[in-house]
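Trainee: Quick one, what's the 3D model for this:
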Amino acid sequence: MMRTPKGFMFDLDGTLILSNRKLGSYDAIPGAAEALQELDRLGVPWIALTNGSAYASRVQAPRLRKVGLPVPDERLFTPNSVAAKVIADGGYQRVMVLGNAGVSEALEELGVNCVSPDAEDQAGCDAVYIAWHPDCSMPHIHAACEAVLDGAAFLTASDVPFFATKEGRSFGYSCAINGAVSRVTGVEPQPTGKPSAHALDFIAAELGIAKEDVGVVGDDAKAEMQMAREGGAIGIAVTSGATSAEQWADQPPERTPHLVVENIGALVETLGLR
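Mentor: Model prediction:
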């Protein structure tokens with residue numbers, strides 16, 4: 001029998017919202033706002049963790065609130081939030097960042113010394129971090145490859161190929177860039193977002209509960225369900241995003257959810273939390 005979660009992590013795209021492919025507009029998924037409000041009423045802790053790295057939480061959370069989702073700044077996290085801890089724990093001093101301005105701003109606010117791949121002085125970069133970077137160029141990829149070949153750690157916000165949008169599935173820029181750097185260097189990236197163990201550790205710490213008691217709620221088999229299964233958490237899948245009920249039923253054991261619901265509007269009632 002599935003354990004009842006003591007707290008929840010919610011994905012964004014496909015779980016709480018659907019954005020457009022340029023990430024410029026959001027629509028809340030029906031029932032999402034009410035589910036979050038009900039969890040608050042019941043005193044059940046929750047956070048949102050997206051694999052999107054384009055914006056700092058202080059920028060993105062107000063946009064969520066504008067479409068009716070009661071997500072405070074302090075409850076929204078991104079792979080940049082996790083990356084800052086990984087970078088600090090690794091003792092990395094200069095990090096080459098392949099990402100848009102929002103990625104670097106978020107990392108710098110968290111104390112990371114960021115170096116642009118366009119910078120004249122790239123010497124001494126001891127880590128490379130690849131995130132949302134729609135303007136990535138071949139010189140940027142070349143700079144990242146050189147740094148990794150020189151021994152820099154290879155970190156990434158996400159290595160998941162797709163995310164759900166209003167216009168259908170869209171591919172993740174970081175995954176595509178990771179592939180180029182990995183093919184050249186022979187080094188695989190270390191994700192800081194889902195499904196990494198770093199992300200699940202971060203989630204459990206923020207919720208103040210054991211990993212085994214975390215309900216990981218999302219629409220992506222590789223990101224959320226794989227993280228839940230590998231980390232011993234509770235995987236709860238929704239069909240409101242990138243994965244249909246039929247596709248969930250066809251997942252291998254390492255990505256099979258413990259529970260499938262249509263959307264998070266059905267979560268509280270289905271789990272009997274009232």
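Trainee: Which pLDDT does the model give the residue positioned nearest the centre of the chain?
Mentor: Taking CA atoms, centre = their mean as the criterion, residue 51 is the residue nearest the geometric centre of the chain, at 2.0 Å. As predicted, residue 51 sits at a pLDDT of 92.
Trainee: Next, the contact list for it, please.
Mentor: Applying CB atoms under 8 Å, 6 or more residues apart in numbering to residue 51 gives the contacts 11, 13, 78-79, 157-158, 160, 163, 172, 193-194, 223. Where you see a C-beta, it was placed from the backbone N, CA and C, and this is true even at glycine.
Trainee: among these, which are in strands?
Mentor: Among the contacts of residue 51, the ones falling in strands (DSSP state E) are residue 163.
Trainee: returning to what we had before: what's the distance between the residue nearest to the centre of the chain and residue 207?
Mentor: Applying CB to CB, to the nearest Å, the value for residue 51 to residue 207 is 18 Å.
Trainee: what are the C-alpha coordinates of the helix or strand where residue 206 lies, in PDB please?
Mentor: Secondary structure assignment for residue 206, by DSSP states H and E: helix 197-207. The C-alpha trace of helix 197-207 is given here as PDB (Å, rounded to 0.1, in the frame of the first residue of the first chain):
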ATOM      1  CA  ALA A 197      19.700  13.200  -5.800                       C
ATOM      2  CA  HIS A 198      20.800  16.700  -5.100                       C
ATOM      3  CA  ALA A 199      17.300  18.000  -5.900                       C
ATOM      4  CA  LEU A 200      15.500  15.400  -3.700                       C
ATOM      5  CA  ASP A 201      17.800  16.100  -0.800                       C
ATOM      6  CA  PHE A 202      17.100  19.900  -1.300                       C
ATOM      7  CA  ILE A 203      13.400  19.300  -1.400                       C
ATOM      8  CA  ALA A 204      13.300  17.200   1.800                       C
ATOM      9  CA  ALA A 205      15.400  19.700   3.600                       C
ATOM     10  CA  GLU A 206      13.100  22.600   2.600                       C
ATOM     11  CA  LEU A 207      10.000  20.600   3.600                       C
END
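Trainee: Point out where the stretch 1-150 of the chain drops to low pLDDT.
Mentor: 20-24 (pLDDT under 70).
Trainee: Start from the N-terminal end of it and give the helices.
Mentor: All helices of the stretch 1-150 of the chain, identified by DSSP state H, counting those that start in this stretch, fall at 32-42, 57-66, 79-90, 101-109, 138-149.
Trainee: of the ones you listed, which approaches residue 199 most closely?
Mentor: Across these, residue 199 has its closest neighbour in helix 79-90 (5.3 Å, CB to CB).
Trainee: Counting neighbours, which bits of the closest one end up buried?
Mentor: Residues 79-84, 86-87 are the ones in helix 79-90 that count as buried (16 or more other CB atoms under 10 Å).
Trainee: Can you spell out which helices and strands pack onto that helix?
Mentor: helix 101-109, strand 127-130, strand 153-156, helix 197-207 (3 or more CB pairs under 8 Å, 6 or more residues apart in numbering; DSSP states H and E).
Trainee: And the residue of the chain most remote from its centre, its phi and psi?
Mentor: Here the centre of the chain is the reference, and by CA atoms, centre = their mean the most remote residue is residue 120, at 31.0 Å. Dihedral angles of residue 120 (phi, psi; degrees, to the nearest 10) stand at phi -70, psi -40.
Trainee: Residue 45: which of the buried residues of helix 79-90 is nearest?
Mentor: Among these, and counting by CB to CB, the member closest to residue 45 is residue 81, at 16.6 Å.
Trainee: any idea how far the closest one is from residue 133?
Mentor: Residue 81 sits 18 Å away from residue 133, going by CB to CB.
Trainee: Repeat that for residue 159.
Mentor: 14 Å.
Trainee: same question, residue 83
Mentor: Distance from residue 83 to residue 133, by CB to CB: 14 Å.
Trainee: thinking again about what came up before, tell me which of the helices and strands packed on helix 79-90 sits most buried.
Mentor: Across the helices and strands packed on helix 79-90, averaging neighbours per residue (mean count of other CB atoms under 10 Å) puts strand 127-130 on top, at a mean of 30.
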